[in-house]
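Participant: Fold the following and give me the result.
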Amino acid sequence: MNIFIRKPISDLLKESEQEGTGNLKKTLSAWSLIALGVGVIIGAGLFSITGIAAANYAGPGVTLSFVIAGVGCLFAGLCYAEFASMIPIAGSAYTYSYATMGEYIAWIIGWDLVLEYAVGAATVASSWSGYLEQLLSTMGLSFPRKLMMTPFDSAVLENGEVIHGIMNLPAVFIITLMSLLLIKGTKESSFLNAILVVLKLGIVLAFIILGYKYIQPQNHIPFIPQNTGTFGEFGFSGIIRAAAVVFFAYIGFDAVSTAAQETKNPKRAMPIGILGSLIICTLLYIAFAYVMTGLVNYKEFANDAASSHLAPVAIAIQNIGEMGADGHVVPAYPWLNSSIILAILFGYSSVILVLLWGQSRVFYSMSKDGLIPKSFSNIHKKFQTPYKSNLFFLLVVSLFAAFIPGRIVGEMTSIGTLFAFILVCVGVLVMRKKMPDAPRAFRTPLVPLVPILGILTCFFMMVFLPLDTWIRLVVWMLIGLDVYLFYSIINSVLEENNNTNKSANKIVALSALALIVVLFVIAQLHHQISEEKDFILYYFSLVFAVAHLIIYSYRYYKYVITAK
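Facilitator: As a prediction, the model looks like this:
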């Protein structure tokens, strides 16, 4: 078998034109796609991770981090726009990779997209829970703190008691609600998303306009805090690391491409939806970050208890007003805090909605290709949605949100997104070389310069992410190779495959062995340079690496060295 076999573009185009029983329904316009993009872009990355990035990495310079991340997204967005107009089918980067670089690379990117969409939805749900707690507090209500935190989180009560979380129950609730809505139908989900987007844009504009005149200039001094002596903590390296972390805020525009098969005129609408939503949100991000860090000293985002719940905007809102005689800010708009938090909750719901939407469509495409079980491409007879995929991710994402802290899943999402963008940029270079005359409704300008700059920018930001995030990425990709070797290559619809093939085992085994070496090196490096030793992650990495070393060494010996 040839695990680099490519899916013919003619087959993809034929599939994109199908509609009816067993296929996705075409209901979306260009404006729907822009709303879809804005709906998922403006969310946890802006309302929550901005505070974390400012507090831990960049200070007020997080504004520049958004500029850098936006430039990287622009390069990738131009490449996405070409592919989306050329191959208008569900699956996003997975489908593009299948058509350009073959099944094996497509599998890698499809598996990676789970980090971007499913884990991203868990991050947003965690932040949704934090803002819900803030809203309940303003209303004089409360919810058991233990049921709003993961087992790895803790909080100090007013009486000094330290409590530890059990599970993040509100996060599970919102994921369940959005998943059930997605099962109901694309048109209904799109309509609700449009309403939530209008509300969310109103929040952002109100915060920027009302907060601007209360900026305290001293909060922006120094605009780029001096590096602490540790790589990635303030200074130039901190701005780049913050750019890699807030890159999470931009994952929405590529989620637009997953809706290609449900778009009425995808060749025209896709580039408009992708680039339009990206440009609108980048401008708002820069203004929002500038105002937020001007209202509050960036250090308060680390010290305030709300930051542990990823709700720093609530802190900033408290500083919109004049300083009173007692040294405390007198709120200029007392209604603003609770109303904005309420609107943020609705806005976050749209982010979760679109991320779960995108993930289910990627799995739908992978299932139709036979790389994962066929049940994920089953279409509901009445609603014409991939309901089994939605139900599966309802369970998986709920588990992530309930039991894993938001910071960890947020950084995993960023590295998964950056990796996906790199492969899309590479895909454009490959397509221009192998299929220069293929029809393109939109062409990426300045090829090969733009794709190369996209690759370099995204990889540059990946390098600046914390080492523990790299460990989790490598572990996740090794699990993906396990699934591919023992299931996907056996069930691929493009060819009669089997997992005893010498060539397939050689390529997959060598890839796995290379990742195992990388895992060993990163785990050792992270353990050596970290001031606070994470022994659980360290020993897990070693055991996981040794177990896979045994598995893939055996596979290589049995099916490559001794194979006839």
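Participant: For residue 158, give me the pLDDT.
Facilitator: Model confidence at residue 158, given as pLDDT, is 69.
Participant: From the structure, what's the count of residues near residue 298?
Facilitator: For residue 298, the neighbour count with other C-beta atoms under 10 Å is 24. All C-beta spots, glycine's among them, are computed from the backbone N, C-alpha and C.
Participant: That one is in what secondary structure piece?
Facilitator: Using DSSP states H and E, residue 298 sits in no helix or strand.
Participant: What residues does it make contact with?
Facilitator: Residue 298 makes contact with 54-55, 59-60, 62, 219, 225, according to C-beta atoms under 8 Å, 6 or more residues apart in numbering.
Participant: Is there a quick PyMOL command that grabs whichever of those are buried?
Facilitator: What follows is the PyMOL syntax for the buried subset of those, where burial is set by 16 or more other C-beta atoms under 10 Å:
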select buried, resi 54+55+59+60+62+219+225
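Participant: For residue 473, see how far away the residue most central in space within the chain is.
Facilitator: Nearest to the geometric centre of the chain sits residue 116, at 3.5 Å (C-alpha atoms, centre = their mean). Here residue 116 is placed at a distance of 11 Å from residue 473 (C-beta to C-beta, to the nearest Å).
Participant: shared neighbours, the two?
Facilitator: The contact lists of residue 116 and residue 473 share residue 416, where a contact means C-beta under 8 Å, 6+ apart.
Participant: Assess the claim that residue 393 and residue 358 are in contact.
Facilitator: No: using C-beta atoms under 8 Å as the test, residue 393 is too far from residue 358 to be in contact (10.3 Å).
Participant: Looking at the two, which one has more neighbours?
Facilitator: Shown here are residue 393 and residue 358; by other C-beta under 10 Å, residue 358 has more neighbours (29 against 25).
Participant: Now the element after the host helix or strand of residue 359, going C-ward?
Facilitator: Using DSSP H and E, residue 359 maps to helix 334-368. Sequence-wise, the next helix or strand downstream of helix 334-368 (DSSP H and E) is helix 387-403.
Participant: If you count contacts, what does that following helix end up packed against?
Facilitator: Helix 387-403 sits against helix 103-138, helix 169-184, helix 334-368, with contacts defined as 3 or more C-beta pairs under 8 Å, 6 or more residues apart in numbering; DSSP states H and E.
Participant: just for the stretch 401-550 of the chain, where's the confidence low?
Facilitator: The stretch 401-550 of the chain contains residues with pLDDT under 70 at 406-411, 495-500.
Participant: could you redo the last one with a cut-off of 80?
Facilitator: 405-414, 417, 438-439, 441, 461, 464, 494-501, 531-533 (pLDDT under 80).
Participant: quick one on the thing from earlier: got the confidence number for the residue nearest to the centre of the chain?
Facilitator: Note on residue 116: pLDDT of 74.
Participant: That one touches residue 420, doesn't it?
Facilitator: Yes: Residue 116 is within contact range of residue 420, at 5.8 Å (criterion: C-beta under 8 Å).
Participant: that older thread, nearest to residue 198 among the contacts of residue 298?
Facilitator: residue 62 (26.7 Å; C-beta to C-beta).
Participant: my read: the closest one touches residue 54, true?
Facilitator: Yes: counting by C-beta under 8 Å, a contact exists between residue 62 and residue 54, whose distance comes to 4.3 Å.
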